[in-house]
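[1] Quick one, fold the following:
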Amino acid sequence: MKSPGFGKITAPAALVALIIAGAAAFGAVQAPVSQPENGAAAGQRGQAGGAAGQRGQRGGRGAQPAAPSAPTPRLPDGKVRLGPLPGEKGIWVGGGAFSNQPFLPWAKMVYDYRQANELEPHTRCKPSGGPRQFLTPYGVEFVDIPEQKRILIMDIGGPHTYRVIHMDAEHPKDLFPSYYGHSTGRWEGDTLVVDTIGFNEGFWFDRRGSPHTEKLHLIERFTRKDFNTMTYELTVDDPGAYTAPWTGGFDLRWRGGEEMFEYVCQDNNFAPTLLIGSEKSIDRSSDIVP
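    Down below sits the predicted model:
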């Protein structure tokens with residue numbers, strides 16, 4: 001049979017062609033994939049929390065090396081710029097989990113209970129509070145207001161709350177407990193050191209459900225190592241929930257070109273009890289329900 005433009009194909013030749021094509025297809029299927037062992041699982045774990053997972057997302061052996069990051073940006077006075085450059089956009093996205101916390105017995109029981117009963121306040125539209133602020137899928141935005149000596153850390157998800165870091169003040173003597181507490185800040189070289197007290201107990205310390213009390217004293221250190229990476233380190237001192245102070249931390253990653261967006265947490269809400277708590281938890285001393 002004549003095939004236009006290809007000449008005459010005999011049966012043996014056709015068989016050989018099929019064998020060659022099949023071998024090529026089989027080789028393509030069997031070709032090694034450029035991915036680290038257990039890389040996919042590692043990347044998934046990184047989304048739930050862990051530096052190893054972040055490395056998994058970037059890939060391992062055989063992956064293209066990441067382009068070198070630009071240097072750490074700075075303000076005109078030489079201080080590190082925590083937010084985007086003028087005229088540009090960008091947010092910080094965290095990732096990480098804390099482990100080996102020295103729980104008091106009651107705190108360990110609460111932690112274990114929360115593993116099976118994931119009714120976290122932040123996922124029910126309450127402010128994230130504390131380090132949980134850096135463990136959301138939407139990230140945070142740093143806004144430096146030097147004229148007011150304030151640095152704001154804006155939550156993008158949830159109820160769009162924000163945290164104020166006072167760069168020229170001390171902690172008041174009489175603090176009303178709140179989700180973000182009262183934060184003071186200072187620069188130690190290129191590291192922003194934030195000291196916070198006055199937390200309430202209405203939030204989970206992290207996504208895993210680590211508890212805390214109003215005795216919590218939190219020291220956080222933010223170091224922008226280069227344009228795309230900020231190291232987050234914390235020291236936790238809460239004698240009401242832990243047998244000793246402990247430390248933790250992870251890296252925040254820069255996502256350029258992104259900005260805050262409208263996020264309506266209360267939209268299409270089918271669980272009003274979870275949104276505001278049980279009736280017994282509502283403060284009836286005020287006409288306004290928080």
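[2] can you give me the helices for the chain?
    Using DSSP state H, the helices of the chain run over residues 11-30, 39-48, 51-58, 105-116, 272-276.
[3] worst average pLDDT in these?
    Lowest mean pLDDT within these: helix 39-48, a mean of 33.
[4] Which residue comes closest to D238 once chain neighbours are left out?
    In space, and not counting its chain neighbours, D238 is closest to L216: 4.3 Å by C-beta to C-beta, 6 or more residues apart in numbering. Bear in mind the C-beta positions are built from the backbone N, C-alpha and C, glycine included.
[5] if I look at that neighbour, how far off is G129?
    10 Å (C-beta to C-beta, to the nearest Å).
[6] what residues are shared contacts of the two?
    F199 (C-beta atoms under 8 Å, 6 or more residues apart in numbering).
[7] hang on, the earlier thing: tell me which residues touch the residue nearest to D238, please.
    By C-beta under 8 Å, 6+ apart, L216 lies in contact with G130, G181, I197, F199, V236, D237, D238, G240, A241.
[8] Looking at the residues you listed, which are in strands?
    The strands, defined by DSSP state E, take in I197, V236, D237 from the contacts of L216.
[9] Convert the C-alpha atoms of stretch 185-193 to PDB, please.
    C-alpha atoms of stretch 185-193 as PDB (Å, rounded to 0.1, in the frame of the first residue of the first chain):
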ATOM      1  CA  GLY A 185      10.900  46.800  69.800                       C
ATOM      2  CA  ARG A 186      14.500  47.800  69.400                       C
ATOM      3  CA  TRP A 187      17.200  47.200  66.900                       C
ATOM      4  CA  GLU A 188      20.300  45.100  67.700                       C
ATOM      5  CA  GLY A 189      22.400  45.700  64.600                       C
ATOM      6  CA  ASP A 190      20.300  44.400  61.700                       C
ATOM      7  CA  THR A 191      18.000  42.400  64.000                       C
ATOM      8  CA  LEU A 192      14.600  43.600  65.200                       C
ATOM      9  CA  VAL A 193      14.100  42.400  68.700                       C
END
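[10] Least confident secondary structure element in the protein?
    Each helix and strand of the chain was given a mean pLDDT (mean pLDDT, DSSP states H and E); the minimum falls on helix 39-48 at a mean of 33.
[11] ok, back up a step: between the ones in strands among the contacts of L216, which sits nearest P177?
    I197 (9.5 Å; C-beta to C-beta).
[12] Just grab the bridge partners of that closest one for me.
    Bridge pairing for I197 (DSSP bridges) gives the partners H182.
[13] if we take the ones in strands among the contacts of L216, which one ends up nearest to T191?
    For the ones in strands among the contacts of L216, the minimum distance to T191 (C-beta to C-beta) is 18.0 Å, reached by V236.
[14] so how far is T161 from the closest residue in space to that closest one that isn't next to it in sequence?
    Of all residues beyond its chain neighbours, the one nearest V236 is W246 (5.3 Å), with distances taken as C-beta to C-beta, 6+ apart. Noted for W246: a distance of 26 Å to T161, by C-beta to C-beta.
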